[in-house]
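> I'd like to go over a predicted model; first the sequence, then the structure.
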Amino acid sequence: MAEHHSEFDWEAVERSPEFRELVNKKKAFIIPGTIFFLAWYFGFIILAGYAPDFMGREFITDGLTIGYVLALSQFVMTWVLGWMYLRKSDKVFDPLAARAREAATGAAAPQAEAPATQQRFRRGELADEPATTDEEASRR
Amino acid sequence: MNTYLASVNETALATFAVVVGVTLVITYWASKRVSTATDFWAAGRGLTGPQNGFAIAGDYMSAASFLGIAGLIFLFGFDGFLYSVGFLVAFLTVLFLLAERMRNSGKFTIADVLTYRLKQRPARTAAALGTLSVAGFYLIAQMVGAGVLIEGLVGIDFWLAVVLTGAFMIIYIVAGGMLATSWVQIIKAFLLMSAAIVMTIWVLSRIGWNPLDLFRDARGQSAEGENYLKPGLFLATPLDTISLGLGLVLGTAGLPHILMRFFTVPNAKAARGSVMWAMVLIGGFYVMTTALGFGARAILGKGGEEAAGPTGNNALPTLANELGGELFLAIIAGVAFATILAVVAGLVISASGAVAHDVWSNVVRQGRDSEREEVWVAKIAAVSIGAIAIGIAIIGGEGLNVSFMVGLAFAVAASANFPALLLALTWRRFNTAGAVTGVLFGVISSIALVVISPTVWPGPDSEGGALSWYSLANPGIISIPLGFIGCWLGTVLTTEPSAVAKFDELYVRSETGLGAEAGTGLTLTGRHGGGRAAATATTTMIPRL
């Protein structure tokens, strides 16, 4: 059974600017990335299904077909997107996640009174931003 | 049966014995280190990213990848390679959408993630149903495949081959849990990659080092001529091709034995690193299927078709025999055996998790059992599931049509497990009723559509179904949307404030790792592929993540 940690104020973390920045930046990478790889892959599959003659056409040299080159491009795409995601995670997502965790553990500890207040203040501030409220509303 | 195959008996048996010997030594080593439930199901969360990457590759690439794809390319050219592409691209779905989130929010099984904010009993039961369906279909396909393969390569009886495969798989799990299973998979991945590299180089040397000659010679050696390099020889209906693609790309992200592997690493960083390692290994392997499949056609030609058999599964062993004679054939047979063992062990440990951790511990005993009891039940479950799989494989026999079963496993994974998991992690409104209806829609529609598909209906060896209005062999294009619709429908028809209220917790935890399960630090640091060299226990505690 999953252990539930009541020591953290999850709702506050969810609304903290650190966390919002993390998930917004993640979405800005993952959503276009997913759309791109699905489009590239299904473009290939649809061509294979409906345009076999085009896929069998010679590409540059005898023996090499457009279909095989497109198939190889799928491998390259997978590796490149995977590598880009790892790099982005190391450089951007992980530091942001660490800051969000710090904000949460800081808010939970009694001696960290100041950051906690700041937290609540920021939360109120954020609620006035139309972009955030729209997004919150769409998720609820 | 092929004449040369009978004569390799002893050499092949020797390579099998080496595989069994090495894996049993690892199991013995692992058995000394596995005590808690976390050790048993998650190898103490002590695997490194590269180790888990090798293990994922070993867990994922079945005999269907090794022998099946090479055989499909040998017989049908380009269409076989479509499978290679789909099997790899699928890992982007895993990496972008699930790997790290699973690691951060789960414990042992995919049901842990699903029930994080949903009602324990119904959601667990649904998740266990999804897991057991996928693992069950996949397992039976692998066991029958193992029997046919070993019978053909070594010459022992089908039933004996099935019993031996099942017995070793049970020993790994009962004695060494996930730790032994992981290392069997790591070694298998190492063997499989090595075999593929050696064969690729050998094939290229045969055809004069120009990879393009693979296609030119293969085309020349096929009765289909130009069409051999075009799609459409195997997958004749375009809609079916798309449906297959959909099932492959989303199905991998719902395979319980693959997702379970993310619980074996200490943190999210290692989880995503392991996917990258797996993508490099699996992608590298599937690129090499070009040389294995087209190479088999180029070198064996039309004359090889009889030896390759109707499914083409024997094309690669025949090629190995042609290249390096009996000894090389025996080595390839040993690698194929290791391949099957690693996959079935992964499947059974995920199924045992569904039975012991989900159904027994959380649904029946409702968390009142001890960890010790849970591990005992898991071992009993592993033995029972193994025995049932052996029984079905033997009763069904070699004639059992298993070609549709792997496809069915992927379809259920894509239509039932994937939608429920993804929505549990990302959709605030999602609730228990949504998960249950989604899983039921996905499981039932996948199975029903496969039953009425031309490959199954109206009975054994059916050629073109009795149902003229339905001709899809792959149900994905219908069953996956149905799975999502089920999730949506169940959710909007009910309200569950507690599930909505706990979304923040799951969301923050899955994205940041705050409060995530830590490793027990019991296992190992070591070099992948070596096995014995890695036997140093460490006490590295994972920083609080």
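Thanks, I have it. Residues are numbered from 1 along each chain as shown, chains lettered A, B, ... in the order given.
> which SSE is the residue of chain A most remote from its centre in?
Going by Cα atoms, centre = their mean, the residue of chain A most distant from its centre is A:Asp62, 41.6 Å out. Element membership for A:Asp62, per DSSP states H and E: strand A:61-65.
> what's the average pLDDT for that strand?
In this model, strand A:61-65 carries a mean pLDDT of 91.
> tilt between the helix or strand just after it and strand A:61-65?
Using DSSP H and E, the helix or strand that directly follows strand A:61-65 along the chain is helix A:66-88. Interaxial angle of helix A:66-88 relative to strand A:61-65 (axes from the mean of the first three to the mean of the last three Cα atoms, to 10 degrees): 60 degrees.
> show me what helix A:66-88 is packed against.
Packing partners of helix A:66-88 (3 or more Cβ pairs under 8 Å, 6 or more residues apart in numbering or on different chains; DSSP states H and E): helix A:17-50, helix A:52-55, strand A:58-59, helix B:78-93, helix B:268-300. To be clear about C-beta, it is placed using only N, CA and C from the backbone, and glycine gets the same treatment.
> pick out the least confidently modelled helix or strand of the chain, by mean pLDDT.
This is for chain A. helix A:113-127 (a mean of 37; mean pLDDT, DSSP states H and E).
> picking up where we left off before, rebuild the helices and strands packed on helix A:66-88 as a markdown table, extending it with mean neighbour count.
Below are the helices and strands packed on helix A:66-88 laid out as a markdown table (neighbours: other Cβ atoms under 10 Å in any protein chain shown):
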| stretch | mean neighbour count |
| --- | --- |
| helix A:17-50 | 17 |
| helix A:52-55 | 18 |
| strand A:58-59 | 13 |
| helix B:78-93 | 25 |
| helix B:268-300 | 24 |
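> toward the C-terminus, what is the element adjacent to the helix or strand encompassing B:Ser479?
Assessed by DSSP H and E, B:Ser479 sits inside helix B:476-493. Going down the chain from helix B:476-493, the next helix or strand is helix B:497-501, by DSSP H and E.
> export only the CA atoms of that following helix, formatted as PDB.
Output in PDB follows, covering the C-alpha atoms of helix B:497-501 (Å, rounded to 0.1, in the frame of the first residue of the first chain):
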ATOM      1  CA  PRO B 497     -14.000  13.900  -4.000                       C
ATOM      2  CA  SER B 498     -11.300  11.900  -2.200                       C
ATOM      3  CA  ALA B 499      -9.600  11.000  -5.600                       C
ATOM      4  CA  VAL B 500      -9.700  14.600  -6.700                       C
ATOM      5  CA  ALA B 501      -8.400  15.800  -3.300                       C
END
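> how about the next helix or strand after that helix and chain A, touching?
Proceeding N to C from helix B:497-501, the next assigned helix or strand is helix B:503-512, under DSSP H and E. Yes: contact between helix B:503-512 and chain A, assessed by Cβ under 8 Å from any Cβ of the partner chain, occurs at B:Asp504, B:Glu505, B:Tyr507, B:Val508, B:Arg509, B:Glu511, B:Thr512.
> quick one, what contacts the last one?
Residues counted as contacts of B:Thr512 (Cβ atoms under 8 Å, 6 or more residues apart in numbering or on different chains) are A:Val13, A:Phe19, A:Leu22, A:Ala97, A:Ala100, A:Arg101, A:Ala104, B:Asn104.
> kindly report the same for the first one.
B:Asp504 is in contact with A:Trp10, A:Glu11, A:Val13, A:Glu14, counting by Cβ under 8 Å, 6+ apart.
> ok, back up a step: show me the contacts of B:Thr512 that map onto helices.
Per DSSP state H, helices hold the following members of those: A:Val13, A:Phe19, A:Leu22, A:Ala97, A:Ala100, A:Arg101, A:Ala104, B:Asn104.
> among those residues, find the lowest-pLDDT one for me.
A:Ala104 (82).
> what's the neighbour count on the closest residue to that residue other than its chain neighbours?
Spatial nearest neighbour of A:Ala104, chain neighbours left out: A:Val13 (4.3 Å); criterion: Cβ to Cβ, 6 or more residues apart in numbering or on different chains. Neighbour count of A:Val13, defined by other Cβ atoms under 10 Å in any protein chain shown: 26.
> ok, A:Val13 - contacts?
A:Phe19, A:Ala100, A:Ala103, A:Ala104, A:Ala107, B:Asp504, B:Val508, B:Thr512, B:Leu514 are the contacts of A:Val13 under Cβ under 8 Å, 6+ apart.
> re earlier: as JSON lines, the helices and strands packed on helix A:66-88 with distance to B:Ala411 would be great.
Converted to JSON lines, these look like this (distance: least, Cβ to Cβ, whole Å):
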{"stretch": "helix A:17-50", "distance to B:Ala411": "16"}
{"stretch": "helix A:52-55", "distance to B:Ala411": "24"}
{"stretch": "strand A:58-59", "distance to B:Ala411": "33"}
{"stretch": "helix B:78-93", "distance to B:Ala411": "13"}
{"stretch": "helix B:268-300", "distance to B:Ala411": "21"}
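> which one of these lies closest to B:Gly44?
helix B:268-300 (13.1 Å; Cβ to Cβ).
> that closest one vs chain A: in contact?
Yes: contact of helix B:268-300 with chain A (Cβ under 8 Å from any Cβ) involves B:Lys269, B:Arg272, B:Gly273, B:Val275, B:Met276, B:Met279, B:Val280, B:Gly283, B:Tyr286, B:Val287, B:Thr290.
> from chain A, how far out is B:Thr125?
Distance from B:Thr125 to chain A, counting by Cβ to the nearest Cβ, to the nearest Å: 14 Å.
> low-confidence regions, the chain specifically.
Unless you meant another one, I'm taking chain A. Applying pLDDT under 70 to chain A flags the ranges A:1-6, A:107-140.
> switch to chain B, please.
Scanning chain B for pLDDT under 70 picks out the ranges B:1-8, B:403, B:458-468, B:520-545.
> centroid-nearest residue for it?
Short answer for chain B (Cα atoms, centre = their mean): B:Tyr60, at 3.9 Å.
> what sits against that residue?
Listed by Cβ under 8 Å, 6+ apart, the contact set of B:Tyr60 reads B:Phe87, B:Thr252, B:Leu255, B:Ile258, B:Ala278, B:Ile282, B:Val343.
> since we're on B:Ala111, how many residues are nearby?
B:Ala111, neighbours per other Cβ under 10 Å, totals 34.
> host element of it?
Per DSSP H and E: helix B:110-114 holds B:Ala111.
> quick one: is that helix near chain A?
Yes: using Cβ under 8 Å from any Cβ, a contact is recorded between helix B:110-114 and chain A, made by B:Asp112.
> does anything pack onto that helix? Which helices or strands?
Counting by 3+ Cβ pairs under 8 Å, 6+ apart, helix B:110-114 packs on helix B:99-105, helix B:120-154, helix B:418-426.
> ok, residues contacting it?
A:2, B:101-102, B:105-106, B:123-124, B:126-128, B:130-131, B:256, B:259-260, B:354, B:357-358, B:362, B:417, B:420-421, B:424-425, B:435.
> just how off-centre is it within its chain?
With Cα atoms, centre = their mean, to the nearest Å as the basis, helix B:110-114 stands 19 Å off its chain's centre.
> list the contacts of B:Ala141.
Remark: with contacts taken as Cβ under 8 Å, 6+ apart, B:Ala141 is in contact with B:Ala64, B:Val402, B:Met405, B:Val406, B:Ala409.
> alright, calling it a day.
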